[in-house]
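Chemist: how would this look folded up:
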Amino acid sequence: MAAKALRLPTDAFVRNIATHNKLFHDQFGEAYLAVGGNGSEIYRIHSRECTAWLNMQSYQNYHVILKNNQATDIKRALEGIAIYDKGNEIMLEPRLRKIDNEIWYDLGKAAVRINEKDWQIVEEPPIMFRRYNHQKPQIMPKRGGSIQLFRKFTNITKEKDWYMFLAFAISTLIPDIPKPILVINGSQGAGKSTPMRMLKELADPSRLVSAGKITGEIELARLANRHSLLFFDNLSFLEKDNSDILCRLITGDGFSKRKLYSDDDEIIYNFKRPLMLNGINNFITQADLLDRAIIINIERIPEEKRLTELELWSKFEEEKPLILGAMFTVLSKAMKIFPQTPTSGLPRMADFGRWGCAIYSAIKNEPFDEFQAILSDNKVRQIEESIEADPVAQLAKFVAERFIRCQGTAADFYDAIDNICILNMPKEIYHLRDRVNWPKDLSQIGKRLRKAEGTLRESGIKIEFKVENNERCIYFTDTKVPYPEAVNVHRLGCSEDYEKTRKDNVLAYLSPEEREGEIKNQAFGILLKRRKYSHSLRPDSKDLAQFKARVKYIKQHSIFESSHLSMKEGSKNQLEESKKERLNKTLEGCQQHEIDSTNLSELNEI
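Modeler: Coordinates of the predicted model:
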């Protein structure tokens with residue numbers, strides 16, 4: 001007679017699982033099972049890991065292997081208990097949680113509890129962490145190390161940059177505050193990726209170190225839901241839409257997506273995640289994102305200081321437990337110092353500013369005044385990078401600093417490079433129109449200037465929009481110059497009176513001792529040739545006319561009249577010699593740009 005097959009008492013099995021384990025759902029309505037009722041082992045009920053665990057329990061307790069339909073029925077029953085029992089919602093986060101002024105850090109099964117007194121390892125932590133397959137268990141931290149051990153594995157040489165980097169590194173262990181984006185720029189071979197990869201290993205170890213490309217809102221939200229620290233490596237350009245998404249991610253804005261394509265249910269994500277980006281060039285072009293960035297520029301590593309990947313990482317793995325323990329120690333001290341940090345005069349990311357002060361003081365055992373100066377330096381760098389990334393802002397700064405005060409329509413500004421091409425214009429200014437983000441048409445000028453207005457104001461450039469004589473005018477003023485109210489206002493659309501306006505405006509604020517040098521700079525300034533000359537092409541008639549006008553000006557105004565400024569009058573012979581010398585310099589400049597002999601003879605006849 002055949003042996004009777006064993007059957008699983010499904011009801012008893014479900015009751016047993018629910019009694020000895022914790023069933024709950026997270027903030028997104030997803031059902032979970034916590035083995036033993038603590039946070040060491042947590043499984044999403046509809047996952048392969050949970051199915052495998054249920055099979056193990058069935059075999060150990062009843063010597064029965066679950067069939068597919070049995071496993072499905074059991075998981076549905078467990079899901080109902082997890083979702084609809086009262087008081088069973090528990091918030092889960094990857095790697096980090098803050099509860100009652102204590103920060104918890106997930107080691108894999110155990111966790112580290114950090115407060116202002118100290119830090120300790122808890123073998124059976126509360127239920128608080130969501131874990132994914134890509135996450136690696138963290139190494140056990142050790143006491144007795146110094147955070148400065150980390151420095152020898154990086155190429156950050158400047159002291160201020162190093163402490164800004166450390167402030168960001170420790171802040172990645174603080175959940176629920178907006179943090180700036182860490183941006184490291186450098187040439188090939190500068191070691192940009194290494195400190196970021198190592199920080200990722202310390203703060204949020206994962207089998208997926210770099211998150212790859214930024215491919216849109218939904219994908220970025222999915223990544224942020226699975227990582228506590230995101231790292232994007234070797235970016236060459238960041239589009240505007242992606243810049244806006246990153247701004248939302250670090251400040252805690254919400255993201256939504258459909259739960260299933262077959263229904264209209266939505267999942268709402270809301271989180272604040274620290275980000276790390278690096279690239280060779282200035283790949284960030286949006287002022288909003290730059291205003292939320294820590295910018296560190298590093299140089300190429302000398303050949304004699306290079307190490308192999310194997311050697312570098314083996315040394316880092318040896319020191320990693322001590323560095324990680326030192327990070328927890330610094331954070332504990334910073335939590336105690338934080339209430340004493342300043343609440344005014346902070347940068348845009350004010351929470352990070354306060355925590356940065358506390359972290360700096362915890363590392364150096366010094367007042368945090370110096371870190372406020374470091375924050376100010378970073379703000380200056382943000383402004384410089386923001387202006388450099390925007391060709392419209394760069395041109396606005398150029399014309400304001402050249403003319404002190406000037407005005408014109410949007411069309412005048414759009415054509416300003418052509419209209420003031422007789423200036424001693426830097427090459428990078430002339431080539432602004434070749435940039436990818438130069439406005440495609442005139443209609444964008446006003447919008448772009450208004451967007452850059454705040455950044456320019458912080459760099460000392462004031463922009464005003466006025467309506468005069470039924471004409472919309474834009475005024476550009478260099479507020480760094482204490483100019484008199486009566487100073488001339490140059491019209492951007494008119495290049496002929498540039499020299500007079502520039503001379504009057506500059507001399508209006510110079511001291512008598514400074515005037516002589518300024519006069520020499522203006523009088524000896526040689527015409528910056530247009531780009532076509534650098535390609536050894538012959539100038540057209542318009543170019544030649546500008547050269548003629550320049551030579552005429554040098555002949556007539558080779559030295560400024562004494563009525564405009566007080567300076568020693570030279571003898572008549574000295575004045576004539578000065579005129580000849582300056583004329584010769586202009587003609588030499590023409591020859592250097594291969595203007596043919598006919599054109600040179602025409603210039604000589606002027």
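Chemist: low-confidence ranges in the stretch 101-250 of the chain?
Modeler: Within the stretch 101-250 of the chain, no stretch falls below the threshold (pLDDT under 70).
Chemist: where do the strands sit along it?
Modeler: 102-106, 111-114, 119-122, 181-185, 230-232 (DSSP state E, counting those that start in this stretch).
Chemist: partners of the shortest one, with directions?
Modeler: Translated: strand 230-232. strand 275-279 (parallel) (DSSP bridges).
Chemist: got the domain boundaries for the protein?
Modeler: The record's domain parsing of the chain by automatic domain parsing lists 10-84, 147-385, 390-509, 537-606.
Chemist: tabulate the ones you listed (a markdown table), appending distance to Met128 and mean neighbour count.
Modeler: In this view, the C-beta of every residue, glycine as well, is placed from N, C-alpha and C. Below are the domains of the chain laid out as a markdown table (distance: least, C-beta to C-beta, whole Å; neighbours: other C-beta atoms under 10 Å):
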| stretch | distance to Met128 | mean neighbour count |
| --- | --- | --- |
| domain 10-84 | 6 | 16 |
| domain 147-385 | 11 | 18 |
| domain 390-509 | 40 | 17 |
| domain 537-606 | 70 | 14 |
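Chemist: right, and those domains - which one's nearest Ile127?
Modeler: domain 10-84 (4.4 Å; C-beta to C-beta).
Chemist: quick one: mean pLDDT over the closest one.
Modeler: For domain 10-84, mean pLDDT rounds to 91.
Chemist: starting at the chain centroid, how far to it?
Modeler: 44 Å (C-alpha atoms, centre = their mean, to the nearest Å).
Chemist: check stretch 313-329 too.
Modeler: Remark: stretch 313-329 is offset 27 Å from the chain centroid, using C-alpha atoms, centre = their mean.
Chemist: picking that back up, columns distance to Glu102 on top of the domains of the chain, output as TSV?
Modeler: Below are the domains of the chain laid out as TSV (distance: least, C-beta to C-beta, whole Å):
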stretch	distance to Glu102
domain 10-84	14
domain 147-385	9
domain 390-509	38
domain 537-606	70
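Chemist: of those, which approaches Asn115 most closely?
Modeler: Using C-beta to C-beta, the nearest of those to Asn115 is domain 147-385, at 6.5 Å.
Chemist: so how far is the closest one off the chain centroid?
Modeler: 9 Å.
Chemist: ends of it, what's the gap?
Modeler: Domain 147-385 has its terminal residues 30 Å apart, counting by C-alpha to C-alpha, to the nearest Å.
Chemist: kindly report the same for stretch 80-90.
Modeler: Note: stretch 80-90 ends 15 Å apart using C-alpha to C-alpha.
Chemist: and the contacts of that stretch?
Modeler: 14, 18, 23-27, 29, 31-33, 45, 127-128 (C-beta atoms under 8 Å, 6 or more residues apart in numbering).
Chemist: equivalent analysis for stretch 57-75, please.
Modeler: Contacts with stretch 57-75, where a contact means C-beta under 8 Å, 6+ apart, come from 6-10, 13-14, 16-17, 45-46, 50-51, 54-55.
Chemist: out of those, which comes closest to Arg354?
Modeler: Nearest to Arg354 among the contacts of stretch 57-75 is Ile45, at 40.7 Å by C-beta to C-beta.
Chemist: what sits against the closest one?
Modeler: Counting by C-beta under 8 Å, 6+ apart, Ile45 makes contact with Leu23, Ala31, Tyr32, Leu33, Lys75, Leu78, Glu79, Ala82.
Chemist: surely the second one and Glu79 touch.
Modeler: To tie it back to what came earlier, the one meant is Ala31. Yes: the pair Ala31 / Glu79 is scored as a contact, 4.2 Å apart, by C-beta atoms under 8 Å.
Chemist: any shared contact partners between these two?
Modeler: Shared contacts of Ala31 and Glu79 (C-beta under 8 Å, 6+ apart): Ile45, His46.
Chemist: one step back: ok, which pair from the contacts of stretch 57-75 is furthest apart?
Modeler: Leu6 and His46 (26.4 Å).
Chemist: nearest to Phe150, of the strands of the stretch 101-250 of the chain?
Modeler: strand 181-185 (14.1 Å).
Chemist: what helix or strand is the residue lying closest to Gly144 once chain neighbours are set aside on?
Modeler: The shortest distance from Gly144 to any non-neighbouring residue, by C-beta to C-beta, 6 or more residues apart in numbering, is to Leu322 (6.6 Å). Following DSSP states H and E, the helix or strand that holds Leu322 is helix 309-337.
Chemist: just want the angle from that helix to strand 102-106.
Modeler: For helix 309-337 against strand 102-106, the angle by axes from the mean of the first three to the mean of the last three C-alpha atoms, to 10 degrees is 160 degrees.
Chemist: now do helix 309-337: which elements does it pack against?
Modeler: The contact analysis (3 or more C-beta pairs under 8 Å, 6 or more residues apart in numbering; DSSP states H and E) places helix 309-337 against strand 102-106, strand 111-114, strand 119-122, helix 159-171, helix 193-203, helix 350-364.
Chemist: Ala334 is nearest to which of those?
Modeler: Once those are compared by C-beta to C-beta, helix 350-364 is nearest, at 4.0 Å.
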